[in-house]
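Asks: Task: produce atomic coordinates for the following.
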Amino acid sequence: MVLFRSTALVLLLAAMCAAQPAQTAPGQTAAQASSEPEVTLHANTRMVTIEVVARDHHGNPAEGLTANDFQVFEETTGSNQKKEKSEQKIAVFRAVGISQLVAQDHGSVHLPEGIYSNVVSLREHPVPPTILLVDGINTELSSQMQIHRQMVRMLNSLPKDVPAAIFLLGRQLKLIQGFTTDPALLRSALEKTGSTQHDMVQQDPQDVPDSLSALQEFVVANDPNMSSDGGMQASLANILQFEQETYASNIDTRMRITVNALLSLARNVSGYPGRKNLLWLSSSFPILLDPTIDREHRDYSPEMKEVAAALSQAKLAVYPIDMAGVQTESFFDASTRTRSRVADTGATGTREMGAIDREASLNVGRELTMENLATDTGGKVCTGDNDLGDCIKKAVNDSSSFYEISYYPTSSDWNGEFRKIVVKAKNGLHLSYREGYYARGDNAGGEKTVESDLRQAGCSDYLPSTSILLMAEAVSPDSPDSLKYMVAVDAGDLTFAPEPDGTRTVDVDVAVCTFSKSAQPLKLIVQPIRAKLTPKEYQAVLAMHGLRRLVTIPAPRPAEIRLVVRDNPTGQLGSINIPVAEKAAVPAQTQPAMVQ
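Replies: The predicted structure is shown next:
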């Protein structure tokens, strides 16, 4: 069985604090030695898990269903490039309710002084958490007051027992208020989001009436002498190119910040059990761009595939809330100023039609992005014109009771394509679930992806990662200016791949990012664990409930560190922040055996 995180932490802590290596006592069988709660280890399998919300025609949760009430199908691309639909055998099925998750939680664990962990518990807030992401970087200044008003409505609509956290997305992702059910704290946090938002949304420079290119274009087009001047024409072309490149760079920056923020949120809440909700308030979702920018098509779908996969893995359903609502092209708005007309009315008409087409394309791309994120993660699109209270209540209700269905895909071609999932139920039930996943192979992206993940989670993420449970304790260093930590990793979160010779392989990276007093990252230190465990060593890991590793950080002494562990076959991450004490660490006790 899979242990709840607080229970796993107790076992890991007990093993970490043990003075002697875990061994089987004389005369004691292996079965007797492992009579403690079982640790379920990953075996390098390709199981797909989806959370299915089932409701009857009255909208009430459908209870008492079994695996026999469901059918699961996958749609893949065959060798003839045609879509093939095949039924999948359900391997694991269970009904999940928030009350059950809370019952499994053995409460918060009081860690001894000097031991740090990324464990999460439901005891304090026994309801799936909801994240409110106020998007300042993708929201026009004209819409930011509307976001504030909608946030007030949302807070009034939140059920009193739902813990919510408020994040602000500006140049960096910032936590304004951690998970709380206190409406006063949430309202106070809401006020802080109004004055710190950044507006990076820009209109295409081809359509800006007050740009430098617009001014020069008007002068050149209406002066016969200048219009025939090749130098002036070349100067205008250079200005237009510079404005386009600046615009494209701005979009790239917004996209990179947005993607990293969503990945960070997914990594942070993945350790919370059950289905979580992300209510994303924005007025722009810049995924697909005008192909004329930089004279090439800028398509961010690969990045969004990674985001969708991470959000789905974390069981974080996205509810995009479009503050702009249904929009028509601004050209038809009486209050909109367009670029000045030029002498050539034909050229003016062509330019105006181009502006309408560009804005229409961006609006379609924005809507598709919202739909895709919601569909890929099991959420729903909400607009500023909807009753946001209903949207919030639906999100919370969907997270409180659902069915978890797991299966091993029949297709063995892990080529990165999107596989559509279709779930059917008897009795005409209405089902809600994520409608697919990207079939990426183990450790997709290779060493470059591993290094990128470690650097992002270790040195850039604002939040710790919780997919892998770990703890750390400072031990006596080799020199006064260096640091040394004993790191323990929950074996249940790691992959132990079985080999034909009976051994098990483990492929894990332990990394440390050091920080200065001003919280600036200094360097990333990576210490890999590549081990082949004999059956005896594998049983020792079971008995210890985890892997341990001594991590050394050479001088100079940083002000803070972040420890990161990555299970390379799955790409899952765990991290913790550790402040560095000024005084030397207490000498460590005799340490148990470690996996090198």
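Asks: for the stretch 101-250 of the chain, what are the low-confidence residue spans?
Replies: Counting by pLDDT under 70, the low-confidence segments of the stretch 101-250 of the chain come to 101-109, 121-128, 141-147, 161, 193-210, 218-229.
Asks: Do you have the strands of it handy? List them.
Replies: Listed from the start of the chain, the stretch 101-250 of the chain has strands (DSSP state E, counting those that start in this stretch) covering 115-117, 130-135, 164-169, 173-180.
Asks: what about these, which gets the closest to Leu494?
Replies: Taking Cβ to Cβ as the criterion, strand 115-117 is the member of the strands of the stretch 101-250 of the chain that comes nearest to Leu494, at 16.1 Å. C-beta coordinates here come from the backbone N, C-alpha and C atoms, glycine included.
Asks: Can you mark which positions in the closest one are buried?
Replies: Going by neighbour count (16 or more other Cβ atoms under 10 Å), the buried part of strand 115-117 is 116-117.
Asks: Report all helices and strands that that strand contacts.
Replies: In terms of contacts (3 or more Cβ pairs under 8 Å, 6 or more residues apart in numbering; DSSP states H and E), strand 115-117 is packed against helix 5-17, strand 470-475, strand 572-579.
Asks: on that earlier part again, identify whichever of the strands of the stretch 101-250 of the chain lies nearest to Thr410.
Replies: Closest to Thr410 of the strands of the stretch 101-250 of the chain, according to Cβ to Cβ: strand 130-135, at 35.1 Å.
Asks: Which strands border that closest one, and is each parallel or antiparallel?
Replies: In the sheet, strand 130-135 lines up against strand 164-169 (parallel), strand 276-282 (parallel) (DSSP bridges).
Asks: Pull the residues that contact it.
Replies: Counting by Cβ atoms under 8 Å, 6 or more residues apart in numbering, strand 130-135 makes contact with 147, 151, 154, 158, 162-169, 176, 193, 197, 258, 261, 265, 269, 276-283, 316, 392, 395-396, 399, all of which sit outside it.
Asks: Stretch 57-75 too?
Replies: 50, 52-56, 83-88, 90, 93, 95, 397, 401, 403, 405, 407, 409-411, 419-430.
Asks: about what we covered before: in CSV: the strands paired with strand 130-135, plus distance to Pro558 and mean neighbour count.
Replies: Output for the strands paired with strand 130-135, formatted as CSV (distance: least, Cβ to Cβ, whole Å; neighbours: other Cβ atoms under 10 Å):
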stretch, distance to Pro558, mean neighbour count
strand 164-169, 26, 24
strand 276-282, 32, 25
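Asks: Is it possible to get a markdown table of those that adds distance to Thr369?
Replies: As requested, those are arranged in a markdown table below (distance: least, Cβ to Cβ, whole Å):
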| stretch | distance to Thr369 |
| --- | --- |
| strand 164-169 | 15 |
| strand 276-282 | 10 |
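Asks: Dump stretch 405-421 to PDB, restricted to CA.
Replies: Once side chains and other backbone atoms are set aside, the C-alpha atoms of stretch 405-421 remain, and they are given as PDB (Å, rounded to 0.1, in the frame of the first residue of the first chain):
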ATOM      1  CA  ILE A 405      -8.400   5.000 -12.500                       C
ATOM      2  CA  SER A 406      -5.000   3.600 -13.500                       C
ATOM      3  CA  TYR A 407      -4.000   1.500 -16.500                       C
ATOM      4  CA  TYR A 408      -0.900   0.300 -18.400                       C
ATOM      5  CA  PRO A 409      -1.200   1.600 -22.000                       C
ATOM      6  CA  THR A 410      -1.300  -1.100 -24.700                       C
ATOM      7  CA  SER A 411       0.800   1.000 -27.100                       C
ATOM      8  CA  SER A 412       4.500   0.700 -26.500                       C
ATOM      9  CA  ASP A 413       5.500   3.500 -28.900                       C
ATOM     10  CA  TRP A 414       6.500   6.400 -26.500                       C
ATOM     11  CA  ASN A 415       7.100   8.900 -29.200                       C
ATOM     12  CA  GLY A 416       6.000  12.100 -27.400                       C
ATOM     13  CA  GLU A 417       2.600  12.300 -29.200                       C
ATOM     14  CA  PHE A 418      -0.600  13.400 -27.500                       C
ATOM     15  CA  ARG A 419      -2.800  10.400 -26.600                       C
ATOM     16  CA  LYS A 420      -6.400  11.200 -26.300                       C
ATOM     17  CA  ILE A 421      -8.200   9.400 -23.400                       C
END
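Asks: Sounds good, over and out.
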